[in-house]
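# I'd like to go over a predicted model; first the sequence, then the structure.
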Amino acid sequence: RQANDESAAEPAQLAPGKRSGFLVLGMHRSGTSMLAGLMATGQGYNVGGPLIGGAFDNEKGFFELVDAVLQNDEFMQLQRIWWSSNVINYDHEKAIVAKR
């Protein structure tokens, strides 16, 4: 839409029975995928997409936005850390600066 279009200020319309998004934070293997899946499929929340699909260790899917996961991976790579090691050295200020 163009900036002078009056409808540009209107919020996006959700399908009937859908709720706007949500955020689930937690450590790996703590039930975040299960909670996100319940919120999306059981409570009708809109999770957006694309999402990480199912795998051998989580057949129903992870309910994680691919873009958010890739962004977090980039933040960690810039600081030479990974989700399973050296996380104590994570500096959120460096991650913020890296994306400016």
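Nice, thanks for sending it over.

# now the helix ranked longest in the chain, how far from the centre of its chain.
Counting by DSSP state H, the longest helix found in the chain is helix 66-78. Computed by Cα atoms, centre = their mean, to the nearest Å, the chain-centroid distance of helix 66-78 equals 11 Å.

# show me the contact partners of it.
Helix 66-78 has contacts (Cβ atoms under 8 Å, 6 or more residues apart in numbering) with Gly49, Pro50, Leu51, Ile52, Trp82, Trp83, Tyr90, Lys94, Ala95, Ala98, Lys99. (Each C-beta comes from the backbone N, C-alpha and C, glycine too.)

# the second one contacts Phe63, doesn't it?
No. At 11.4 Å, Pro50 does not count as touching Phe63 under the criterion of Cβ atoms under 8 Å.

# ok, these two, which is more surrounded?
Neighbours were counted for Pro50 and for Phe63 using other Cβ atoms under 10 Å; Phe63 has more, 23 against 8.

# ok, the closest residue to Trp83 other than its chain neighbours to Gly42 distance?
In space, and not counting its chain neighbours, Trp83 is closest to His28: 6.3 Å by Cβ to Cβ, 6 or more residues apart in numbering. According to Cβ to Cβ, to the nearest Å, His28 stands 22 Å off from Gly42.

# likewise for Gln71?
Taken as Cβ to Cβ, the span from Gln71 to Gly42 is 27 Å.

# compare these two (neighbour count), which wins?
When neighbours are counted by other Cβ under 10 Å, Gln71 and Gly42 differ, and Gln71 comes out ahead with 13 against 8.

# ok, back up a step: who wins for most neighbours among the contacts of helix 66-78?
Neighbour counts for the contacts of helix 66-78 peak at Leu51, which has 18 neighbours (criterion: other Cβ under 10 Å).

# tell me the centre residue of the protein?
Leu65 (4.0 Å; Cα atoms, centre = their mean).

# correct me, but it touches Asn46?
No. If you go by Cβ under 8 Å, Leu65 and Asn46 don't touch, sitting 11.7 Å apart.

# give me the residue ranges of this structure where confidence is low.
1-12, 14, 96-100 (pLDDT under 70).
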